[in-house]
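Enquirer: coordinates for the following, if possible.
(chains A and B)
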2 protein chains.
Amino acid sequence: MPETTPTQAVQHWLAALDGALTRGDAAAAAALFNDESYWRDMVSFTWNLHTAEGRPLVQQMIERAVLPARPSGWRLEGEATEAGGVTEGWIRFETATGRGWGHLRLTNGKAWTLLTTLQELKGHEEHRGPTRDKGVLHGVDPNRQTWLEQRQQEEAELGYTRQPYVVIIGGGQGGIALGARLRRLGVPALIIEKNARPGDSWRNRYKSLCLHDPVWYDHLPYLPFPDHWPVFAPKDKIGDWLEMYTKVMELNYWGSTTCQNASWDEASQSWVVNVVRNGQPVQLRPRQLVLATGMSAVPNMPSVPGAESFQGDLHHSSRHPGAEAYRGKKAVVIGSNNSAHDICAALWEHGADVTMVQRSSTHIARSDTLMELALGGLYSEAALAAGVTTDKADMIFASLPYKILHTLQIPVYDEMKKRDADFYARLEKAGFMLDFGEDGSGLFMKYLRRGSGYYIDVGASELIADGKIKLKTRVAPERINPRSITFSDGSELPADLIVFATGYSSMNGWAAQLIGQDVADKVGKCWGLGSGTRKDPGPWEGELRNMWKPTHQPGLWFHGGNLHQSRHYSLFVALQLKARMEGIATPVYGMGPVHHLA
Amino acid sequence: MPETTPTQAVQHWLAALDGALTRGDAAAAAALFNDESYWRDMVSFTWNLHTAEGRPLVQQMIERAVLPARPSGWRLEGEATEAGGVTEGWIRFETATGRGWGHLRLTNGKAWTLLTTLQELKGHEEHRGPTRDKGVLHGVDPNRQTWLEQRQQEEAELGYTRQPYVVIIGGGQGGIALGARLRRLGVPALIIEKNARPGDSWRNRYKSLCLHDPVWYDHLPYLPFPDHWPVFAPKDKIGDWLEMYTKVMELNYWGSTTCQNASWDEASQSWVVNVVRNGQPVQLRPRQLVLATGMSAVPNMPSVPGAESFQGDLHHSSRHPGAEAYRGKKAVVIGSNNSAHDICAALWEHGADVTMVQRSSTHIARSDTLMELALGGLYSEAALAAGVTTDKADMIFASLPYKILHTLQIPVYDEMKKRDADFYARLEKAGFMLDFGEDGSGLFMKYLRRGSGYYIDVGASELIADGKIKLKTRVAPERINPRSITFSDGSELPADLIVFATGYSSMNGWAAQLIGQDVADKVGKCWGLGSGTRKDPGPWEGELRNMWKPTHQPGLWFHGGNLHQSRHYSLFVALQLKARMEGIATPVYGMGPVHHLA
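Expert: Below you'll find the predicted structure:
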């Protein structure tokens, strides 16, 4: 008897799943999963982002969400592979309302991880490739509008005489990526941005800033960067790209527009959103409101006695104008994460005398090492050469359940510690307090759990090791004086500039500001997994809180994160919005209670 | 004995060619070609665009151009195929200075067509994919410039304190595509454009204009349109794309700049180019000058007695402002090619009374039929699905020798005649004079031979068949009166508007205007193959005259054509310029004499 090939194993498993689901036998379907197993669904069955963890919860999800969605057509795409006892393959499937793409891992003949994602809604597919628009309607028509006239009419009407279905507050990468998805799906949407031009949220940051993530990780939907695009794009170049993208994707984008407030009108089941566009008040009435205002939402600005008496410049890192004006000045930067490091390095480059105040330990990952060890397998030229396209990389990344992700990350950072041992020793010798996360799982888990606590080193760490950026650790600012700052250990530092690189609060702070504290509290804290680690209190949530999925406030959505997340998750936000616009039933499964308010 | 597979046949042939060339045996190499055979080379051996036609000329080219370039590494890429007695395959090869890509067709075991193209220069490859720039230089440097500062400095200096190696006159699709190639090759270049913004040359045309070629044919280099892009893009949408492309490809583009004159300075072997930028004179000193001013170069404006007495609007089609102002007016359009048809249809749509004056017969191809029969095999979703990428389609198109191209086209148009027989009958019944080219080879041959003589029907022909656009044939304008126009048959038409859609003269008319008649005459007529058909007098040239290849004027180049040609040929112009900048020897083979002055 020939052995079963990986392809046959996956095909047999899918046939068994299909059979059980078609018979409506949830127990038989669940029996195809290991005791320890994970079915992560993105919108296709749950109309939610939800991971069922362990066979009993997998069975419950099958009963309550999968069977009602009437799945069919499970099939393997391409050939399955086997390595180290894990058989894996790409899969396709359908539901009554949509078509899905997924990824399956089998161990011992049963499912270990299953990822299912909705890719398109039947009857509401994007017009692309063979179904693209013709552009010109051949023939003649005395009343026809040109494309330009149609665009101009749309711009004149939308938000005034015709209401968008969706208003997106925040026109950075998140709002723009989502806007493009909605455009292709035919969902009328309006993006509101306080800066004048798309890309300004990058342009306005300190001048030496480049992306800390590499190009393969950063593509926007539909229109990838050309292949000469630099690995780490400078901020102004990304700004130009976002502006170009907004234009050619024909997004309705109101720059120089601020949102004053928003309220949910229960009677009409729609929002009342008051904005000021170029100084003129406009009231918008969308059915859906997306806060794409970013993780850098509401600055954390510690209240330090005496701040009002300070005679130099004092600001949060988000307001830092760049280092140019501070040559020869004494600068104190409170904080030790990405922004603090970048600002300290730029100040040093411009001849300032700089001290970084490190209050607690920080995880440092050298950029080159991080790219190679942590991202290289999915997002790199090598990955591309191995057939791992950006879309596939996003899916593979999503296929790893959050519950066990840290266990897969720990070995990466163990290797990083070894490889860069000299570097870390020099940093510690300079007094820098290092960590690799409470469980040694490193940078990406810190990002998911708390969105902070790390620096991707692109040079500042060497300045700290060399003593060029001075270090003050294990203290907190206690008092600010007219020309100096006093710390909790009684020491004092003269200062012409004080920067609070002290991070940001949860994104539901935006809801509090724009809508009201009641709504902010109703939806609760955004981001974080409930890992029970610092700044990510339990209980375990299983998915990022409130991100890209329904919240407890009807019609309110949160979208954001880095370029990768803006690209990948915008698809699922867009499909959820499109389904609601089209009146497709969207029964949400797995909506959890709110455990934390901010 | 198993039969030889197509792959083996090509591999054997390439091994024999490699052996003969390595031995320096031109006769043996030429013996691998059929009596009737074509070796078309694009820059890789000839530093020219040149087709050797027939075995004796193939042998001569091998002796004088191929052997000196020291070719090696001939290999089949992928699998060869066979159909109808023709075996074909994709090939790769090298020379001492570059790497090439090609396409081979064998009949009876010998070469029928061989296309060889230079793709990159060794040691001067574009930085893309694995060799892309890093973007940020990690580490700190007090003197480092940001990307934005570098771009701003480049913009401030180039053309003033630092001279570009290349000046491109004309910032339409041709200049922009070439500018992008040169940018990626590190050749300092400056694009001069009279309109304010990139894309204006499209935006400024009549408002209902859409591309007559489909999207798959129209991609620019490096950054293809996203897959929802319409089949026939409206002019303003293409305008926006060109503007954004210019920005993100970081082209040095001077809008609102006119070229006053240019002269070749023999002593310094460089050009003196006087331009006026935003009203300020600037003198440029490039080594290379590219006229990318387009086929719509110098308007042909027949001199008709009495024109100065006309009391309505009278202009060439290139100056036509659109139909809006002519509702209820009497319009006479002289000409029956693309522009005449488009303008007549738009005037009719806007309620004008329109007469088209057809002086001689015209080839009409219905857009849908043309797409399906003539372009669909190479440029369509079906072609893409069959693995024919845009790059491959360009190469397949280029692999068909001009000498026999008409014989391959005739059956396409025979089929078109049959399929659209009713349509053509109705047109003729309305009095329209039809042709399919002198030899029945249709639209694309007319385009290559004379760049005129046809209309791709997107609706106007039905208006003519229906009598909505009136027709006056077999006459020429004889006299223009204050409110009418009199024709050669003595008839008279009242007119508020007269449009001369009478085409353009040869592109060397630009050289005459900008540089001088002497240089225009030295380089001679541009475009056309020397087919001996109307407006394309013999003798046979073998390639388009003066396009994308060295001219008899040192440092002077012509670049232009449709979006397909702007994309494909810009690579070869760019490589020729890059080689010269780097001091690589570029011995030109096959430079012919000038047969016609314009």
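
Enquirer: please make it C-alpha for all contacts and neighbour counts, starting now.
Expert: Will do.

Enquirer: name the element A:Ile464 belongs to?
Expert: helix A:460-465 (DSSP states H and E).

Enquirer: now for the next helix or strand along the chain from that helix, which elements pack on it?
Expert: As assigned by DSSP H and E, the chain's next helix or strand after helix A:460-465 is strand A:470-473. Counting contacts by 3 or more CA pairs under 8 Å, 6 or more residues apart in numbering or on different chains; DSSP states H and E, strand A:470-473 is packed against strand A:353-358.

Enquirer: briefly note if the helix or strand just after the strand it packs on comes near chain B.
Expert: Counting by DSSP H and E, the next helix or strand C-terminal to strand A:353-358 is strand A:363-366. No. Strand A:363-366 lies apart from chain B when judged by CA under 8 Å from any CA of the partner chain; the minimum separation is 10.1 Å.

Enquirer: before we move on, what about stretch A:571-579?
Expert: No. Using CA under 8 Å from any CA, stretch A:571-579 stays clear of chain B, coming no nearer than 15.7 Å.

Enquirer: what is the burial count for the spatially closest residue to A:Ala465 that is not a sequence neighbour?
Expert: Residue nearest to A:Ala465 in three dimensions, not counting chain neighbours: A:Leu427, with 4.8 Å by CA to CA, 6 or more residues apart in numbering or on different chains. For A:Leu427, the neighbour count with other CA atoms under 10 Å in any protein chain shown is 21.

Enquirer: check A:Ala382 too.
Expert: Other residues lying near A:Ala382 total 14 when counted by other CA under 10 Å.

Enquirer: picking up where we left off before, residue contacts, the residue nearest to A:Ala465?
Expert: A:Ser461, A:Glu462, A:Ile464, A:Ala465 (CA atoms under 8 Å, 6 or more residues apart in numbering or on different chains).

Enquirer: tell me which element it is part of?
Expert: Taking DSSP H and E as the definition, one finds A:Leu427 inside helix A:421-429.

Enquirer: in that helix, which residues are buried?
Expert: Residues of helix A:421-429 classed as buried by neighbour count (16 or more other CA atoms under 10 Å in any protein chain shown): A:Phe423, A:Tyr424, A:Arg426, A:Leu427.

Enquirer: repeat that for stretch A:115-131.
Expert: A:Leu115, A:Thr116, A:Thr117, A:Leu118, A:Gln119, A:Glu120, A:Leu121, A:Glu126, A:His127, A:Gly129.

Enquirer: got JSON lines for those, with secondary structure and distance to chain B too?
Expert: Formatted as JSON lines, the buried residues of stretch A:115-131 follow (DSSP: H, G, I helix; E, B strand; the rest coil; distance: CA to the nearest CA, whole Å):
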{"residue": "A:Leu115", "secondary structure": "strand", "distance to chain B": "26"}
{"residue": "A:Thr116", "secondary structure": "strand", "distance to chain B": "25"}
{"residue": "A:Thr117", "secondary structure": "strand", "distance to chain B": "22"}
{"residue": "A:Leu118", "secondary structure": "strand", "distance to chain B": "20"}
{"residue": "A:Gln119", "secondary structure": "strand", "distance to chain B": "16"}
{"residue": "A:Glu120", "secondary structure": "strand", "distance to chain B": "15"}
{"residue": "A:Leu121", "secondary structure": "strand", "distance to chain B": "17"}
{"residue": "A:Glu126", "secondary structure": "coil", "distance to chain B": "8"}
{"residue": "A:His127", "secondary structure": "coil", "distance to chain B": "6"}
{"residue": "A:Gly129", "secondary structure": "helix", "distance to chain B": "5"}
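
Enquirer: so how many other residues sit close to the closest residue to A:Lys472 other than its chain neighbours?
Expert: When the adjacent residues along the chain are set aside, A:Lys472 lies closest to A:Val357, with 4.7 Å between them (CA to CA, 6+ apart). Neighbour count of A:Val357, defined by other CA under 10 Å: 23.

Enquirer: hmm, A:Gly175 is touching A:Val166, no?
Expert: No. Using CA atoms under 8 Å, A:Gly175 is not in contact with A:Val166; the gap is 11.2 Å.

Enquirer: what residues are up against A:Lys522?
Expert: Contacts of A:Lys522 by CA under 8 Å, 6+ apart are A:His552, A:Gln553, A:Val594, A:Leu597.

Enquirer: going through those, which ones are buried?
Expert: The neighbour count (16+ other CA under 10 Å) marks A:His552, A:Val594 as buried among the contacts of A:Lys522.

Enquirer: on that earlier part again, now the residue nearest to A:Ala465: how far from chain B?
Expert: Distance of A:Leu427 to chain B, given as CA to the nearest CA, to the nearest Å: 15 Å.

Enquirer: likewise for A:Thr113?
Expert: Taken as CA to the nearest CA, the span from A:Thr113 to chain B is 32 Å.

Enquirer: which secondary structure element is home to that residue?
Expert: Secondary structure (DSSP H and E) places A:Thr113 in strand A:110-121.

Enquirer: partners of that strand, with directions?
Expert: strand A:33-42 (parallel), strand A:98-107 (antiparallel) (DSSP bridges).

Enquirer: in the very next helix or strand once past the helix holding A:Leu427, what counts as buried?
Expert: Remark: after helix A:421-429, the chain's next helix or strand is helix A:442-449, criterion DSSP H and E. For helix A:442-449, a neighbour-count test (16+ other CA under 10 Å) marks A:Gly442, A:Leu443, A:Phe444, A:Met445, A:Lys446, A:Leu448, A:Arg449 as buried.

Enquirer: let's have the residues you listed in CSV, adding pLDDT and distance to chain B.
Expert: Converted to CSV, those look like this (pLDDT from 0 to 100; distance: CA to the nearest CA, whole Å):
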residue, pLDDT, distance to chain B
A:Gly442, 96, 21
A:Leu443, 95, 19
A:Phe444, 94, 21
A:Met445, 96, 24
A:Lys446, 96, 23
A:Leu448, 95, 25
A:Arg449, 96, 27
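
Enquirer: how far does stretch A:194-202 stretch from start to finish?
Expert: Counting by CA to CA, to the nearest Å, you get 13 Å between the two ends of stretch A:194-202.

Enquirer: ok but A:Ser570 is inside a helix, no?
Expert: Yes. Read with DSSP: H, G, I helix; E, B strand; the rest coil, A:Ser570 is one of the residues of a helix.

Enquirer: strands of the stretch 201-350 of chain A, start to end?
Expert: With DSSP state E, counting those that start in this stretch as the criterion, the stretch 201-350 of chain A has strands at A:253-254, A:257-265, A:270-277, A:280-284, A:288-291, A:313-316, A:330-334.

Enquirer: nearest to A:Gln576 among the ones you listed would be which one?
Expert: Closest to A:Gln576 of those is strand A:288-291 (CA to CA; 10.6 Å).

Enquirer: now for the closest one, which elements pack on it?
Expert: Using 3+ CA pairs under 8 Å, 6+ apart, strand A:288-291 sits against strand A:166-169, strand A:270-277, strand A:556-558.

Enquirer: with mean pLDDT added, can I get the ones you listed in a markdown table?
Expert: Below are those laid out as a markdown table (pLDDT from 0 to 100):
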| stretch | mean pLDDT |
| --- | --- |
| strand A:166-169 | 98 |
| strand A:270-277 | 98 |
| strand A:556-558 | 98 |
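
Enquirer: and those: which comes nearest chain B?
Expert: Nearest to chain B, of all those, is strand A:166-169, at 21.4 Å by CA to the nearest CA.

Enquirer: I'd like the average pLDDT over stretch A:456-463.
Expert: Averaging pLDDT along stretch A:456-463 gives 92.

Enquirer: with stretch A:286-300 instead?
Expert: Mean predicted confidence for stretch A:286-300 is 88.

Enquirer: what's the first-to-last distance across it?
Expert: Per CA to CA, stretch A:286-300 runs 31 Å from first to last residue.
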